[in-house]
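In: Here's my sequence, what's the structure:
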Amino acid sequence: MIKSLEVIIAITILFSFLLLVFQNIPQQNIQNNQMDRIFNILKLKADNSEFRSKVNDSNLTGIYSDLYDYIDVSYGVSICFEITNDCNTYNIDNNYKITNTIDYYFFDSNKTILIKTWAE
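Out: Residues are numbered from 1 along each chain as shown. You can find the predicted model right below:
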């Protein structure tokens, strides 16, 4: 009776460990795939003249709403003038740990758009 109880406990611990390992592995791959997807969306949107005019006018709410349907994680948008730290931000909360940042430079308007993502 005691041996079978020990075997059940050992199997339970083994399955718990395997479950923990398999839960952590896909999250990193999904996060990397998500960042590649966001960068590709930015490249596609950069070809749109309407989107470029929003970047040129620093219309952060318009940029955020244009990207809202395509980005599945929590994110915020910043537009920086030239390559300085002079940035306007929208929906970036410092209470969360920023996990990734994607930047895309617009040569014609001399502005950089930053997409910062985080986990809540």
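In: Looks to me like residue 70 is in a strand.
Out: No. Assigned with DSSP: H, G, I helix; E, B strand; the rest coil, residue 70 falls outside any strand and is coil.
In: which ones are touching the closest residue to it other than its chain neighbours?
Out: In space, and not counting its chain neighbours, residue 70 is closest to residue 41: 4.9 Å by CB to CB, 6 or more residues apart in numbering. All C-beta spots, glycine's among them, are computed from the backbone N, C-alpha and C. Applying CB atoms under 8 Å, 6 or more residues apart in numbering, we find residue 41 in contact with 67, 70-71.
In: tell me which element residue 41 falls in.
Out: Element membership for residue 41 (DSSP states H and E) is helix 2-46.
In: what separates the residue nearest to residue 70 from residue 76, distance-wise?
Out: Computed as CB to CB, to the nearest Å, the residue 41 to residue 76 distance reads 15 Å.
In: can you check residue 57 too?
Out: From residue 57 to residue 76 the distance is 18 Å (CB to CB).
In: between these two, which one's more packed in?
Out: residue 76 (19 against 12; other CB atoms under 10 Å).
In: Is the more buried one bridged to anything, and to what?
Out: Beta-bridge partners of residue 76, counted by DSSP bridges, are residue 116.
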